[in-house]
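>>> prediction below, plus the sequence it came from.
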Amino acid sequence: MQQIDKLKALQTSQAQASKTLFNTVVIHVGIEPTPHYPKVVQNGVKVKNDKGEDVRSEVSDGWTYTFAEFGTAKKVMIVLKQKVNLELLKAYKIAGLGYDLKKANLLFIDSNTQISEY
């Protein structure tokens with residue numbers, strides 16, 4: 001049983017290792033937050049439907065907020081556990097682990113997320 005626990009821990013750490021730590025300044029441009037539904041994972045593997053698409057959970061784990069990165073206007077999406085009050089065109093500092101999707105001109109931050117006024 002210990003061996004299985006070690007393998008699961010290793011698999012989780014490898015998944016986190018592919019993420020990048022972001023710490024950037026963004027501008028709230030008025031896009032309303034949407035519920036975030038995480039992908040379903042069983043035994044460390046994403047579950048796929050019969051069409052080969054990732055299956056999403058039926059239970060929301062937070063809210064996805066969309067911003068524009070200051071200086072580049074790159075789209076930044078961040079998942080926060082709770083809804084927060086944001087002011088239009090105000091600068092915020094965000095941080096967390098996520099992905100830089102260069103072809104989509106997008107930062108997606110979904111782990112260890114933080115937001116504060118800049």
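Received, thanks.

>>> can you find the helix or strand in this structure with the smallest mean pLDDT?
helix 2-17 (a mean of 58; mean pLDDT, DSSP states H and E).

>>> after that helix, which helix or strand is next?
Next along the chain after helix 2-17, taking DSSP states H and E as the criterion, comes strand 20-27.

>>> quick one: buried residues of the next helix or strand after that next one?
From strand 20-27 onward toward the C-terminus, using DSSP H and E, the following helix or strand is strand 34-36. Residues residue 36 are the ones in strand 34-36 that count as buried (16 or more other C-beta atoms under 10 Å). Backbone N, C-alpha and C define where each C-beta goes, glycine included.

>>> sheet-wise, list the partners of strand 34-36 with their directions.
strand 62-69 (antiparallel) (DSSP bridges).

>>> quick one: work out the angle between the strand it pairs with and strand 20-27.
Between strand 62-69 and strand 20-27, the angle comes out at 70 degrees (axes from the mean of the first three to the mean of the last three C-alpha atoms, to 10 degrees).

>>> for strand 62-69, the averaged confidence score.
The average of the pLDDT scores along strand 62-69 is 97.

>>> same thing with stretch 82-101?
Mean predicted confidence for stretch 82-101 is 96.
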